[in-house]
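Visitor: coordinates only, no sequence provided:
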């Protein structure tokens, strides 16, 4: 299912390996990212998790995926306005941002992407919304 998502999301979820294997994030990094992401019950169906692009771009920079912070933000921001599937997109983002750095890798587009096997239910729901039937 992740390959279907990559056709829809600017933040590609294709498999691609980074040339580096950074250490797991520190406890303070995990706490900072977790603080930027509301719990699923608190997530609004009309707005993206607060700090979503900032957190995603920080992961991109930490993994040294290649995209600059400014380019990452420019690619991420349009993803936040996805409609009519905003609630599903927000669920994907909230789930992704709860995943620790070892569950991420660099994508072919120079941005961090979630490895296969994480947030599959949320990604499937988003794909079904975007491509019903």
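Guide: Sure, I can see it. Since we're looking at a predicted model, the values are computed, not measured.
Visitor: where does pLDDT dip in the chain?
Guide: Where the chain drops to pLDDT under 70, the residues are 1-47, 82.
Visitor: would you list every one of the strands in it?
Guide: Using DSSP state E, the strands of the chain run over residues 104-106, 112-114.
Visitor: so which of those gets nearest residue 59?
Guide: Proximity of the strands of the chain to residue 59 was assessed by C-beta to C-beta; the nearest stretch is strand 112-114, lying at 4.3 Å. Where C-beta positions appear, they are placed from N, C-alpha and C, glycine not excepted.
Visitor: coming back round to it: of all the strands of the chain, which one is nearest residue 80?
Guide: For these, the distance to residue 80 is smallest for strand 112-114, at 16.2 Å, taking C-beta to C-beta.
Visitor: circling back to that earlier point, winner for burial among the strands of the chain?
Guide: Each of these was scored by mean neighbour count; the highest is strand 112-114, a mean of 26, by mean count of other C-beta atoms under 10 Å.
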